[in-house]
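Make a model of this:
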Amino acid sequence: MMEEIYTHAGKEAPRECCGLVVQDGNNEKYIPLENISTEKNEFKIDPKTFVLYQLKSKIKYVVHSHYNSDCRPSEADKQQCREVGIPYLIVSYPEKDYTIIQP
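Have a look, this model is predicted:
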């Protein structure tokens with residue numbers, strides 16, 4: 001699954017990619033989503049899309065990338081993670097590293 005996330009990050013670079021990891025039966029599945037932010041170094045998931053996934057599946061992680069920087073969470077990442085109450089999986093691209101933060 002991490003290779004899928006890194007591939008998505010590469011396709012979106014230099015913009016941040018975003019997506020969700022959802023529980024699909026006994027497996028986890030990555031769902032790439034459109035970043036609707038107009039800012040280069042930010043991500044925003046369409047709220048309606050997010051709610052639809054919340055209603056129909058268990059969201060394990062909110063995923064986004066940091067392009068040409070490390071995967072350490074920004075203060076905004078930490079705050080948004082707490083607000084949504086779901087762990088964040090942040091990947092760095094092209095370095096291909098990741099970190100997970102808890103709400």
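
ok, which stretches of this protein are strands?
18-24, 27-33, 58-67, 88-93, 97-101 (DSSP state E).

I'd like the ones you listed as JSON lines, with distance to Phe50 appended.
Every C-beta, even on glycine, is put in place using the N, C-alpha and C of the backbone. Converted to JSON lines, the strands of the chain look like this (distance: least, C-beta to C-beta, whole Å):
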{"stretch": "strand 18-24", "distance to Phe50": "8"}
{"stretch": "strand 27-33", "distance to Phe50": "8"}
{"stretch": "strand 58-67", "distance to Phe50": "8"}
{"stretch": "strand 88-93", "distance to Phe50": "13"}
{"stretch": "strand 97-101", "distance to Phe50": "18"}
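
right, so of those strands, which gets closest to Glu3?
Glu3 sits nearest to strand 27-33 of all those, at 9.5 Å, using C-beta to C-beta.

Which elements pack onto the closest one?
With contacts defined as 3 or more C-beta pairs under 8 Å, 6 or more residues apart in numbering; DSSP states H and E, the packing partners of strand 27-33 are helix 2-12, strand 18-24.

what's the most buried one of these?
Ranked by mean neighbour count, the helices and strands packed on strand 27-33 are led by strand 18-24 with a mean of 19 (mean count of other C-beta atoms under 10 Å).

Could you check how far the residue nearest the centre of the chain is from Leu89?
The residue lying closest to the centre of the chain (C-alpha atoms, centre = their mean) is Val63, at 1.4 Å. For Val63, the distance to Leu89 equals 5 Å [C-beta to C-beta, to the nearest Å].

Overlap in contacts, the two.
Here Val63 and Leu89 have 5, 21 as joint contacts, going by C-beta atoms under 8 Å, 6 or more residues apart in numbering.

which residues does Val62 contact?
Neighbours of Val62 in contact, by C-beta under 8 Å, 6+ apart: 18, 20, 45, 81, 84, 86-89.

pretty sure Ile36 contacts Lys44?
Yes. Counting by C-beta atoms under 8 Å, Lys44 is a contact partner of Ile36 at 5.0 Å.
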